[in-house]
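Chemist: Sequence unavailable; structure follows:
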């Protein structure tokens, strides 16, 4: 990998979900998509990215993360109150003024649209807000473009009011889809009234919940070289990639979890390090998997292994390195088979070595 200018960390996951409704559409039905001419279960990238960001809270300090909210005036005002003895009303006014100075529109002391802001950026604005005179727009925007935090650096920030505040995402997350055809089903349920008389027949409430079960192919990629530009530090970058892999693999969107308890581990995880381009291997399932006695997990992983080898032989170079963690050995020929904890540590080490080599050779 010496001398390479790019490093893409591709994450491929095969994971089976029991009856569940982790991601609903506007009618309450599980999201689906047509792929390969048949209907598949689908979980949107937005749903899984939110689950990843929630898991980040367990592995990063609050100061390393951001919030996506309209309440940025309140957020900055809280930081101003830490730096001064001003009244709440005064801190709100100063916060709104400095936010407007950055080119972000507000209404009723809230941003007009959701804004992704790190805690450090809120602190930067608070320090500027109590200056006299107030810094210019360019200086304020510079403060908002520094210290992005891990989640903003990974997932990016788009600001309609002023593109100068945009941050390019260094991670991409695909919509997860089932490797096979699905048909949604309905659970008819009743709820009893605990205080109803014993001789009174009937339920206190009845209803239906739509659900499906599926084996999903999930894919995400991180451009480690771009993440380093966003974070500006090798140690921060290698940790961010490691924890992104952990969170992407281990997190679960929370839709109807109390009803279905569908938190399952993956069947197989493959992390590939590429210097040319990211590669989504969903084409392995354009022809839907057909279930037999072995179910979908094993067959899906076998199809993924076969398709991946064909792609490497006929279209793209073999990755610089591949780590595999799986229940069985269907992917063993594609990379180093190791435990998940070793996969995470190996990912961190690989990213660190690449960034250090790139720094030396630049």
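Modeler: Yep, that arrived. The structure presented is a predicted model; accordingly, all values stated were derived computationally and were not measured.
Chemist: Now do the helix or strand hosting residue 89: which elements does it pack against?
Modeler: Assessed by DSSP states H and E, residue 89 sits inside helix 88-101. Helix 88-101 is packed against helix 72-83, strand 106-107, helix 119-129, helix 137-145, with contacts defined by 3 or more Cβ pairs under 8 Å, 6 or more residues apart in numbering; DSSP states H and E. To be clear about C-beta, it is placed using only N, CA and C from the backbone, and glycine gets the same treatment.
Chemist: Give me the neighbour count for residue 256.
Modeler: Residue 256: 20 surrounding residues under other Cβ atoms under 10 Å.
Chemist: Look up how far residue 296 lies from the nearest residue to it once chain neighbours are set aside.
Modeler: Computed as Cβ to Cβ, 6 or more residues apart in numbering, the closest residue to residue 256 that is not its neighbour in sequence is residue 21, at 4.3 Å. Going from residue 21 to residue 296 by Cβ to Cβ, to the nearest Å gives 19 Å.
Chemist: do the same with residue 329
Modeler: Applying Cβ to Cβ to residue 329 and residue 296 gives a distance of 18 Å.
Chemist: for residue 116, same thing?
Modeler: Applying Cβ to Cβ to residue 116 and residue 296 gives a distance of 37 Å.
Chemist: Residue 263 now?
Modeler: 19 Å.
Chemist: ok so, going back, the more surrounded of residue 329 and residue 296?
Modeler: Between residue 329 and residue 296, counted using other Cβ under 10 Å, the more crowded position is residue 296 (23 against 12).
Chemist: For the nearest residue to that one once chain neighbours are set aside, name its beta-bridge partners.
Modeler: Excluding the flanking residues, the one nearest residue 296 by Cβ to Cβ, 6+ apart is residue 215, at 3.8 Å. Per DSSP bridges, residues listed as beta-bridge partners of residue 215: residue 16.
Chemist: And the strands in the stretch 201-350 of the chain?
Modeler: 205-223, 268-274, 321-326, 336-337 (DSSP state E, counting those that start in this stretch).
Chemist: Longest helix in the protein, please.
Modeler: helix 340-361 (DSSP state H).
Chemist: what's the neighbour count on residue 158?
Modeler: By other Cβ under 10 Å, neighbour count at residue 158 equals 14.
Chemist: Please read the previous query as pertaining to residue 150.
Modeler: The local packing of residue 150 (other Cβ under 10 Å) involves 26 other residues.
Chemist: ditto for residue 46
Modeler: Neighbourhood size, residue 46 [other Cβ under 10 Å]: 13.
Chemist: Skipping its backbone neighbours, what lies nearest residue 263 in space?
Modeler: Leaving out its chain neighbours, the residue that sits closest to residue 263 by Cβ to Cβ, 6+ apart is residue 252, at 5.1 Å.
Chemist: for the one you found, what are its contacts?
Modeler: Contact analysis of residue 252 by Cβ atoms under 8 Å, 6 or more residues apart in numbering lists 22, 51, 262-264.
Chemist: hang on, residue 41 is in a strand, isn't it?
Modeler: Yes: when DSSP: H, G, I helix; E, B strand; the rest coil is applied, residue 41 is found to be in a strand.
Chemist: how much space is there between it and residue 16?
Modeler: 11 Å.
Chemist: Neighbour count: the two, which is higher?
Modeler: With neighbours defined as other Cβ under 10 Å, residue 41 and residue 16 compare such that residue 41 has more, 27 against 19.
Chemist: buried set for stretch 147-159?
Modeler: Buried residues in stretch 147-159, counted by 16 or more other Cβ atoms under 10 Å: 147-157, 159.
Chemist: Tell me the one of those residues nearest residue 240?
Modeler: Top of the list for closeness to residue 240, among the buried residues of stretch 147-159 and by Cβ to Cβ, is residue 150 at 4.8 Å.
Chemist: ok, for that closest one, nearest residue in space, not its chain neighbours?
Modeler: residue 240 (4.8 Å).
Chemist: What's the per-residue pLDDT of that neighbour here?
Modeler: We note a pLDDT of 98 for residue 240 in this prediction.
Chemist: I appreciate the help and will end here.
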